[in-house]
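A.B. asks: make a model of this:
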Amino acid sequence: MDIGETAIESLTTLTVNKLRTGLAMLGIVIGIGSVIALVSLGQAAQQSVADQINSLGANLLTVSPGSQQSGAVRGAAGGATTLTNEDAKAIQTSSSITTVQNVSPELSSRTQVTGGRNNANVQVIGGTAAYADVHKISLQTGRFISDLDNTGSAKVAVIGQTVITNLFPNTPDPTGQTIRIRGISFRIIGTTVSKGGTGFANQDNIVYIPLTTAQQQIFGQAYLSDISLEAKSQDVMTEAENQVGYLLLQRHKLSDPTQADFTIFSQQDILNTASSTTGTFTTLLSGVAAISLLVGGIGIMNIMLVTVTERTREIGLRKALGAKKKTIITQFLIESIILTFAGGIIGIILGIILSFAISVFSHSLFIISPASVLLAFVVSAGIGVLFGWYPASKASNLEPIEALRYE
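C.D. replies: Next comes the predicted model:
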């Protein structure tokens, strides 16, 4: 009997008891579908985080108060109020800084903002005109904060799309209207184009006001929460880190880089950390889903063992008529592989449908990795061989006389 005939006979045998065959395939279907859907979800989350980070500016460097290891400058013990407006001006005007083209001093904090009868907890950022260039802010309407606004400590604000939704749900363009921050009224002079994000990372849930106004009238502090820098190109990012780091060490009168009271990190640092986190999350989810594949494989082995028991007399008769051990093994292996392969194909289709549904309902990216689909085929075939071998071997080792006597 050739392989083609064996495959046809195996299909015929499996269709005799459709319910049992379907239940045997169910574990593989769920396992493969879960793996593909969860890998897709993890990759979509990873890509979404990467897009959000890159939307802030590919050449962005951020100087923060405090101490952590960063590039050529390693932080040690430091405070949270170590950066000043003078530091930002020094970076902008120093002849030793040749790799930075824009400097944006910033002061930010979350606080309640009121608009009409509504209020929301938002991120309030005090910045200068350079903020829009450094962070790639695009305006939907109006204008951004100007140098004149900072010179006069103007009470003007630019707001994001989430702020509009929360404070002015019935007003698509609230330019010209008033919001209140800690009891102080600000006139809205512009709105930003949506960048997306969720929770504390929502780039649309931000109110931008002049830095001097934020320091003197809202938060009452002269220090900065960050200094954002735009390097001239990605090729000079490391050099820019070093130049800025050593300038600040000199300004803060620190001779030992290990005692730096500030941290410098780039967008690539953030992206690497975020990618590592989401990658670990994806691997964990995939591992949990893969357990169902193992359960499905055990289920198929159990079904095949039952089949061997039910067909003991048939196996004995075939062996008595001259069927070789190899033929018996091949037939049972093919039955097992058909089960897992068919379950794998159905699982792949289910996984793609689930991934698409999740992307639609969560408004996230729809990403299907060809590698995960290929892996599903390989795994499904592998499970068929692995968990089908023992029942097939057991069937082939039956003695013809004992099998024919089996009741």
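
A.B. asks: excluding sequence neighbours, find me the nearest residue to Gly115.
C.D. replies: Taking CB to CB, 6 or more residues apart in numbering, and ignoring the residues beside it in sequence, Gly115 has Leu167 as its nearest neighbour in space, at 3.1 Å. In short, each C-beta sits where N, CA and C put it, glycine included.

A.B. asks: I'd say that neighbour and Ile181 touch.
C.D. replies: No: taking CB atoms under 8 Å as the definition, Leu167 is not a contact partner of Ile181, at 11.4 Å.

A.B. asks: any idea how far Gly31 is from the spatially closest residue to Gly42 that is not a sequence neighbour?
C.D. replies: The shortest distance from Gly42 to any residue other than its chain neighbours is 2.6 Å, reached at Thr282 (CB to CB, 6+ apart). Distance, Thr282 to Gly31, by CB to CB, to the nearest Å: 16 Å.

A.B. asks: these two: which is more packed in?
C.D. replies: Gly31 (27 against 19; other CB atoms under 10 Å).

A.B. asks: name the helices or strands packed onto the helix or strand encompassing that one?
C.D. replies: Mapping Gly31 onto the secondary structure by DSSP states H and E places it in helix 18-55. Taking 3 or more CB pairs under 8 Å, 6 or more residues apart in numbering; DSSP states H and E as the contact definition, the neighbouring helices and strands of helix 18-55 are helix 267-310, helix 325-362, helix 370-396.

A.B. asks: neighbouring strands - and their directions - for the next helix or strand after it?
C.D. replies: Scanning forward in sequence from helix 18-55, with DSSP H and E defining helices and strands, the next element found is strand 60-65. When sheet partners are counted by DSSP bridges, strand 60-65 sits next to strand 226-231 (antiparallel), strand 262-266 (antiparallel).

A.B. asks: ranking these by mean pLDDT, which is last?
C.D. replies: Within the strands paired with strand 60-65, confidence is poorest for strand 262-266, with a mean of 85 (mean pLDDT).

A.B. asks: and it, C-alpha only, in PDB?
C.D. replies: In PDB, the C-alpha atoms belonging to strand 262-266 read as follows (Å, rounded to 0.1, in the frame of the first residue of the first chain):
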ATOM      1  CA  PHE A 262      21.700  64.500  35.900                       C
ATOM      2  CA  THR A 263      20.800  61.800  33.300                       C
ATOM      3  CA  ILE A 264      21.000  62.000  29.600                       C
ATOM      4  CA  PHE A 265      19.200  59.500  27.500                       C
ATOM      5  CA  SER A 266      18.100  59.200  23.800                       C
END
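
A.B. asks: ranges for the strands of the stretch 101-250 of the chain?
C.D. replies: Chain-ordered strands for the stretch 101-250 of the chain, with DSSP state E, counting those that start in this stretch as the definition, fall at 118-127, 139-142, 156-159, 178-181, 184-192, 206-210, 226-231.

A.B. asks: avg pLDDT for the helix holding Gly31?
C.D. replies: Helix 18-55 comes out at a mean pLDDT of 76.

A.B. asks: likewise stretch 82-89?
C.D. replies: This predicted structure assigns stretch 82-89 an average pLDDT of 92.

A.B. asks: ok, and what's touching that stretch?
C.D. replies: Contacting residues not belonging to stretch 82-89 are listed as 63-66, 103-105, 211, 222-227, 248, 251-252, 261-262 [CB atoms under 8 Å, 6 or more residues apart in numbering].

A.B. asks: and the residue nearest to Gly115, what is it in contact with?
C.D. replies: Contact criterion CB under 8 Å, 6+ apart gives Val113, Thr114, Gly115, Gly116, Asn118, Asn119, Ala120, Ile159, Pro174, Ile179 as the residues in contact with Leu167.

A.B. asks: what about the closest residue to Thr283 other than its chain neighbours, distance to Gly220?
C.D. replies: Closest residue to Thr283 apart from its sequence neighbours, by CB to CB, 6+ apart: Gly42 at 7.9 Å. Applying CB to CB, the value for Gly42 to Gly220 is 43 Å.
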